[in-house]
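# Predicted coordinates and the sequence they were generated for:
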Amino acid sequence: MEKVTYRVGDRVEKFCDTCGEERGHIVVLVTKTNQVSRVECPKCNTRSRYKSDTTSVKARSTDKTGIPYDQSRVYRIGQIVVHPSYGNGEVTAVIEPQKIDVLFSDRLRRLVHSRI
């Protein structure tokens, strides 16, 4: 398998903590060993460290067993839910009393919760 080399200006996938979404980031710093060190979010312009050898939130959420998604339940940040259509996902934010953001393997989705 061929080793991928990156240059400044290339794009890599990373979860942006500021935006709360997984998106392509722009490489702004590469080490002498061709490892990506810093990236910048194109939406919020936040610069952050990049670790290619760590497990992303998407991969971590599929490793854990979760509770079945139900609109009447109340969820908190960090919980793993199992949606019948989208699969496993991790609650990343509680937006309003009845809305949550859940990061699934394909993308971030906004779902309802604590609906009576």
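Received, thanks.

# Domain map for this structure?
Per automatic domain parsing, the structural domains of the chain span 11-54, 58-112.

# Secondary structure element holding S85?
Assigned by DSSP states H and E, S85 belongs to no helix or strand.

# Tell me how many other residues surround it.
Neighbour count for S85, taken as other C-beta atoms under 10 Å: 7. From N, CA and C alone the C-beta is placed, and that goes for glycine too.

# next one: K32
Residues within reach of K32, counting by other C-beta under 10 Å, total 5.

# Adjust the sequence numbering to begin at 762 for everything that follows.
Let's use 762 as the start, then, which means that last one is K793.

# before we move on, the earlier item: among the domains of the chain, which is nearest T766?
With C-beta to C-beta as the measure, domain 772-815 is the member of the domains of the chain nearest T766 (4.6 Å).

# shouldn't T779 be in contact with R808?
No. Here T779 does not reach R808: they are 10.3 Å apart, not a contact under C-beta atoms under 8 Å.

# Redo the domains of the chain as JSON lines? Include mean pLDDT.
Shown next, in JSON lines, are the domains of the chain (pLDDT from 0 to 100):
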{"stretch": "domain 772-815", "mean pLDDT": "82"}
{"stretch": "domain 819-873", "mean pLDDT": "82"}
